[in-house]
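S.K.: The sequence and its predicted three-dimensional model are supplied below.
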Amino acid sequence: MSAAASAPPTRLLRLWLPRARATAAVASAAASEAQAGDLVLLRGAVGAGKSEFARHFVREAVGDTQIPVPSPTFLLQHSYELPGKVALHHYDLYRLDDTRSLGRLQLRERFADAVCVVEWPELIPMEHLPAERLNVKLEICGDGTIPEVVLQDVKATDKEDVMDGDGGEYEDRQCRKVELEAYGPRWCAFCQAMEDAVKKLDDPGRQDFGGIRLVKS
């Protein structure tokens, strides 16, 4: 069988995230049925929202919206226990400077038997990644690149549009764009369900999810 024939199915979904609540909605949806073997790779520049995405993912998976989820920038890894005794590992590899440092984290083993969320995964060799995974690329968008209808959603920030980083809560008025790249049937089905749900939102319902919209190509 050729490599192309054996490759897992893929799907790409792009969304506008005008407000903090939209970022939380996507992260929570991705974590809603977390199970052992799930891998989410978070990419984007400093400040793009990777830690915030991870925070909401962990809280949804654990089932506690108030649990502190600090970024493991210095410790590299924080671990949590999910219902059913499944482990969830949150990694931040920003401070690693070469692949030799990855060995002590036992990533290949953890990818197989736990739920894993990885910020700054660029150092991980491709051959260490499982066939099923979700790549999440976040970016902050300037006003000049945002359609007017999305810009109106950005300006509609309300009391629930807050980020809660390590320094405490703060209002977030950054518009983001997220690219979800799904590998494997499980994550492809998630992206399809997310796309279908966003398409069905009317304007009042859209505001309940932070103004989330599909990016039109």
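M.R.: Noted; the coordinates are in hand.
S.K.: outside of stretch 194-213, which residues touch it?
M.R.: Residues outside stretch 194-213 that contact it (C-beta atoms under 8 Å, 6 or more residues apart in numbering) are 13, 15-26, 29, 149-150, 153-154, 156, 161, 180, 214. For the C-beta atoms, the positions are set from N, CA and C on the backbone; glycine is no exception.
S.K.: and the end-to-end length of that stretch?
M.R.: End-to-end distance of stretch 194-213 (C-alpha to C-alpha, to the nearest Å): 11 Å.
S.K.: Now do that stretch, average pLDDT.
M.R.: Stretch 194-213 comes out with an average pLDDT of 90.
S.K.: for stretch 35-48, same thing?
M.R.: Mean predicted confidence for stretch 35-48 is 96.
S.K.: Determine how far that stretch lies from the middle of the whole chain.
M.R.: 5 Å (C-alpha atoms, centre = their mean, to the nearest Å).
S.K.: residue ranges of the helices in this protein, please?
M.R.: Here the chain has its helices, by DSSP state H, at 3-6, 20-31, 50-62, 107-113, 148-155, 185-200, 203-208.
S.K.: now the ones you listed as CSV including distance to residue 120 and mean neighbour count?
M.R.: Output for the helices of the chain, formatted as CSV (distance: least, C-beta to C-beta, whole Å; neighbours: other C-beta atoms under 10 Å):
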stretch, distance to residue 120, mean neighbour count
helix 3-6, 28, 6
helix 20-31, 17, 23
helix 50-62, 8, 23
helix 107-113, 13, 16
helix 148-155, 27, 15
helix 185-200, 20, 15
helix 203-208, 31, 12
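S.K.: closest to residue 85 out of those helices?
M.R.: helix 107-113 (11.0 Å; C-beta to C-beta).
S.K.: how about the helices of the chain in TSV, adding distance to residue 129?
M.R.: As requested, the helices of the chain are exported to TSV (distance: least, C-beta to C-beta, whole Å):
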stretch	distance to residue 129
helix 3-6	15
helix 20-31	17
helix 50-62	17
helix 107-113	7
helix 148-155	32
helix 185-200	13
helix 203-208	34
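S.K.: what about the ones you listed, which gets the closest to residue 39?
M.R.: helix 107-113 (5.4 Å).
S.K.: what's that closest one packed up against?
M.R.: strand 86-92 (3 or more C-beta pairs under 8 Å, 6 or more residues apart in numbering; DSSP states H and E).
S.K.: just how off-centre is the strand it packs on within its chain?
M.R.: Centroid separation between strand 86-92 and its chain, computed with C-alpha atoms, centre = their mean, is 13 Å.
S.K.: Each with direction, which strands does it pair with?
M.R.: Using DSSP bridges, strand 86-92 pairs in its sheet with strand 77-82 (antiparallel), strand 115-119 (parallel).
S.K.: per-residue confidence averaged over the longest one?
M.R.: Over the span of strand 77-82, the pLDDT mean works out to 96.
S.K.: before we move on, what about stretch 96-107?
M.R.: The predicted confidence, averaged over stretch 96-107, sits at 86.
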